[in-house]
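Colleague: Requesting a structural model of the entry that follows:
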Amino acid sequence: MSTKRIHFIAIGGAVMHNLALALHSMGYKVTGSDDEIFEPSKTRLDSKGLLPEKMGWFPEKITMGLEAVILGMHARKDNPELLQAQALGIPIFSFPQYIYEQSKNKQRIVIAGSHGKTTITSMILHVLQFHHKEFDYLVGAKIEGFETMVKISDAPVIIIEGDEYLTSPLDLTPKFLHYKHHIGVISGIAWDHINVYPTFESYVSQFDAFADSTPKGGALIFSESDDLASFIGNKERTDVTRIEYKAHPHEVIDGITYLHTDIRKVPLQFFGKHNLKNISAALEVCLKIGITKSMFYDAIEQFKGAANRLEVIGRKNNKVVFKDFAHAPSKLKATSKAVKKQFPSHKLVAVLELHTFSSLNKEFLSQYKDTYKTPDEPIVYFNPETVAHKKLEALTAQDVKDAFDNPKVKVFMDSKSLEDYLKSLHWSQTNLLLMSSGNFGGIDLTALTNFVLEQ
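Modeller: Below is the predicted model of the structure:
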């Protein structure tokens, strides 16, 4: 059993704590620090004895004998533990760099894109696990049947969800460039992360660099229907295989989506045109790594989706409550359209929380114009305290209404008022779609779901 020592600076992050758990399970001695840790990271770290005793940064934790320090994006350049590691000459890695170091001798498949990458990655992992293949992975959401979001072993292949966000305080390149893929996927490109990519052009150029990094003999898989992904993917690159995909042929019968295949009709446990594109991307990847079409369809029939991706959190009689990570304009539009198309006879009440730096930025808000017209009742919530915490210019309800340019949009700045309003509605044959990367100001979503379903 290995006794290598690894220390995590900002251990509470979604991927960081999962990597810590993965290394702990391999027998590494893992320690870590953070100034704040939220659920589910807190409970999961605590269950393995990895939760720091105190919140904060403690340079005395950084000692000779550490094999490496893994640095999270949440930390700052002047972090006391980072400065101590630098002073002692201890190797410092961002998690993308560390993942690459552990997968140098594997076939590396990286799924990139502004939207869909978590779902595509999850589909591939599900198919490989269904057929008992050996593989490692890094994915940005909890998936049913997988204990952690990261696995490192001696498997011959690794499937990585590639994020375009900056790597670490010491490395301002996008994470996905560190993985040095053999097979790359670009699911679509829509401006995001305005705090680090202040112009649309600077954001798009990261995906151009990703595509250009595809090696000779490698493959680039990209969405035919996304103009930017298609433009970048179709550039001439020496000895790179280009593969375009589009939404998988299908039909919807009585609320169930069936794939049309050469083999049989395949019923799905999820829906949405964006997910039918995701299936095609996952299929193309799987065909490159030894999975046949028949094997893929047998497995995808059992796939239930990734957590918070059009996740059903309640269903009763003629009502369904969904939770989705959607917050960017393109995700908002695709997700609300998917629910309405799947349940055309149902009224749709949708609630979007503006929570990210981009979505709360006055300059970016105009990107939401015409993206929220599908719901019968579109609602937007944001917390002014979150705006202040991110040191952004204050927003008003009118600012948000003007940006969405939809007279039907109702805006709430107080979570209690939002909850009271939702409870005042009639819910017969009405679905509720909750979209956020936050927590709606602490609203008890389980209690709200139960209330809606009982009406």
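Colleague: I'd guessed residue 170 sits against residue 92; true?
Modeller: Yes - at 7.2 Å, residue 170 counts as touching residue 92 under the criterion of CB atoms under 8 Å. For glycine as for every other residue, the C-beta is placed from the backbone atoms N, C-alpha and C.
Colleague: what's the overlap in contacts for the two?
Modeller: Residues touching both residue 170 and residue 92 comprise 71, 82, with contact defined as CB atoms under 8 Å, 6 or more residues apart in numbering.
Colleague: Looking only at neighbour counts, state which of these two leads.
Modeller: The neighbour comparison of residue 170 against residue 92 (other CB atoms under 10 Å) goes to residue 92, with 20 against 12.
Colleague: Give me the phi and psi angles of the spatially closest residue to the more buried one that is not a sequence neighbour.
Modeller: Leaving aside its sequence neighbours, residue 92 sits nearest to residue 69 (CB to CB, 6 or more residues apart in numbering; 4.9 Å). Main-chain torsions, residue 69, degrees, to the nearest 10: phi -110, psi 130.
Colleague: Tell me how many other residues surround residue 69.
Modeller: Using other CB under 10 Å, residue 69 is surrounded by 25 other residues.
Colleague: That one and residue 154: what is the separation?
Modeller: 24 Å (CB to CB, to the nearest Å).
Colleague: these two touch, right, residue 324 and residue 434?
Modeller: Yes - applying CB under 8 Å, one finds residue 324 in contact with residue 434, separated by 7.1 Å.
Colleague: Return stretch 255-267 as CSV; C-alpha atoms alone will do.
Modeller: C-alpha atoms of stretch 255-267 as CSV (Å, rounded to 0.1, in the frame of the first residue of the first chain):
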residue,chain,number,x,y,z
GLY,A,255,-43.9,11.2,-23.1
ILE,A,256,-41.2,8.7,-23.8
THR,A,257,-38.4,9.4,-26.3
TYR,A,258,-37.4,6.4,-28.5
LEU,A,259,-34.2,6.3,-30.5
HIS,A,260,-34.4,5.1,-34.1
THR,A,261,-31.6,2.7,-34.8
ASP,A,262,-30.7,0.1,-37.4
ILE,A,263,-31.2,-2.5,-34.7
ARG,A,264,-34.4,-1.6,-32.8
LYS,A,265,-36.3,1.3,-31.2
VAL,A,266,-34.5,2.2,-28.0
PRO,A,267,-36.6,3.8,-25.2
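Colleague: average pLDDT for that stretch?
Modeller: Averaging pLDDT along stretch 255-267 gives 94.
Colleague: Okay, buried residues for it please.
Modeller: By neighbour count on 16 or more other CB atoms under 10 Å, the buried set for stretch 255-267 is 257, 259, 261, 266.
Colleague: now do stretch 165-177
Modeller: Counting neighbours by 16+ other CB under 10 Å, one finds that the buried residues in stretch 165-177 are 166, 167, 168, 169, 171, 174, 175, 176, 177.
Colleague: Skipping adjacent residues, who's closest to the second one in space?
Modeller: What that stands for is residue 167. Nearest-residue entry for residue 167: residue 94, 4.6 Å, with adjacent residues in sequence omitted and distances by CB to CB, 6+ apart.
Colleague: about what we covered before: against residue 88, how distant is the residue nearest to residue 92?
Modeller: From residue 69 to residue 88 the distance is 9 Å (CB to CB).
Colleague: what do those two both touch?
Modeller: Counting by CB under 8 Å, 6+ apart, the common neighbours of residue 69 and residue 88 are residue 62.
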